[in-house]
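A.B. asks: task: produce atomic coordinates for the following.
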Amino acid sequence: DTCDCNPTTAGCGCLSHGLETTCADELMGRFRLMRGRLYYAQLQAHFNASPAVHSMVEVPNVGHDHTLMWQSTQGLDAIFRW
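C.D. replies: Numbers count the residues shown, from 1 in each chain. All right, here's what the predicted structure looks like:
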């Protein structure tokens with residue numbers, strides 16, 4: 001998801017399902033989607049991996065909802081057509 005605030009903080013307008021916001025977490029990226037993208041880029045850069053080894057798929061409009069993620073077309077593809 002793209003929530004970049006702690007939902008326990010007044011004024012935070014999103015539900016992040018436990019987004020970690022420590023200094024170490026923030027160094028990895030402001031929100032989960034950014035962290036995932038940066039992690040994948042680092043994997044590719046460090047291991048010089050081809051997409052055949054690792055792939056990243058973004059599922060739009062599901063945030064951090066694991067149920068919607070796995071029920072999406074992209075999620076079902078990753079599970080059953082990999």
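A.B. asks: element containing residue 41?
C.D. replies: With elements taken from DSSP states H and E, the one containing residue 41 is helix 32-47.
A.B. asks: give me the buried positions along that helix.
C.D. replies: Of the residues in helix 32-47, those with enough neighbours to count as buried (16 or more other CB atoms under 10 Å) are 32-33, 35. For the C-beta atoms, the positions are set from N, CA and C on the backbone; glycine is no exception.
A.B. asks: ok, stretch 60-72 next?
C.D. replies: Of the residues in stretch 60-72, those buried under the neighbour-count criterion (16+ other CB under 10 Å) are 62-64, 72.
A.B. asks: and the residues you listed, which is closest to residue 24?
C.D. replies: Using CB to CB, residue 64 is the member of the buried residues of stretch 60-72 that lies nearest residue 24, at 19.1 Å.
A.B. asks: if I look at residue 44, how far off is residue 76?
C.D. replies: Between residue 44 and residue 76 the computed distance is 25 Å (CB to CB, to the nearest Å).
A.B. asks: per-residue confidence at the spatially most central residue of the chain?
C.D. replies: Averaging the C-alpha coordinates of the chain gives a centre point, and the residue nearest to it by CA atoms, centre = their mean is residue 33 (3.8 Å). Predicted confidence (pLDDT) for residue 33: 85.
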